[in-house]
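Novice: just a sequence and a predicted model for now, questions to come.
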Amino acid sequence: QVQLVESGGGSVQAGGSLRLSCAASGYTVSNLHMGWFRQAPGKGREGVASIYSGGSASYAEFVKGRFTISKDNAENILYLQMSGLKPEDTATYFCAADRVWRGPWTYNYWGQGTQVTVSS
């Protein structure tokens, strides 16, 4: 069983930066396919970024050039470095993982989420 706990959310002004963390337990991140998703109030969940176990990453068009997904295998943590934040990035951000590759936006294990609020 993979357990995921997100942290690092908060409030920031437009143009600012935040780094989200997702601590994994029960499995090593180096062998997990992982992703970040977000859900804004009244909207559906959408994929933000994903990273294959081998390290190749995919990004949603709306975050390309602003967000970076990465893993720290030694600490067993997944990161999402967010810069150039916009008010429309306001959402609850979720970490996800799977031991089997099901594509960049499909996972079986999910964290509880961390809130990101960007003010204009």
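Specialist: Alright, I've got the coordinates. Numbers count the residues shown, from 1 in each chain.

Novice: for the residue at minimal distance from the centre of the chain, what are its contacts?
Specialist: Closest to where the C-alpha atoms of the chain average out (CA atoms, centre = their mean) is Trp36, at 2.6 Å. Neighbour list for Trp36: 20, 22, 47-50, 67, 69, 78, 80, 93-96 [criterion: CB atoms under 8 Å, 6 or more residues apart in numbering]. No exception for glycine: its C-beta is placed from N, CA and C like everyone else's.

Novice: out of those residues, which end up buried?
Specialist: Burial by neighbour count, 16 or more other CB atoms under 10 Å: within the contacts of Trp36 this picks out 20, 22, 47-50, 67, 69, 78, 80, 93-96.

Novice: any idea whether the residue nearest to the centre of the chain is helix, strand or coil?
Specialist: Secondary structure for Trp36, judged by DSSP: H, G, I helix; E, B strand; the rest coil, is strand.

Novice: in the sheet, who's paired with it?
Specialist: Beta-bridge partners for Trp36, by DSSP bridges, are Ala49, Cys95.

Novice: just the CA trace of stretch 33-40, in PDB.
Specialist: Taking C-alpha atoms only, stretch 33-40 is exported to PDB below (Å, rounded to 0.1, in the frame of the first residue of the first chain):
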ATOM      1  CA  HIS A  33       5.000   6.700 -11.400                       C
ATOM      2  CA  MET A  34       3.700   9.900  -9.800                       C
ATOM      3  CA  GLY A  35       1.700  13.000 -10.600                       C
ATOM      4  CA  TRP A  36       0.200  16.200  -9.400                       C
ATOM      5  CA  PHE A  37      -3.400  17.200  -9.900                       C
ATOM      6  CA  ARG A  38      -5.500  20.100  -8.800                       C
ATOM      7  CA  GLN A  39      -9.100  20.900  -8.200                       C
ATOM      8  CA  ALA A  40     -10.500  24.400  -8.000                       C
END
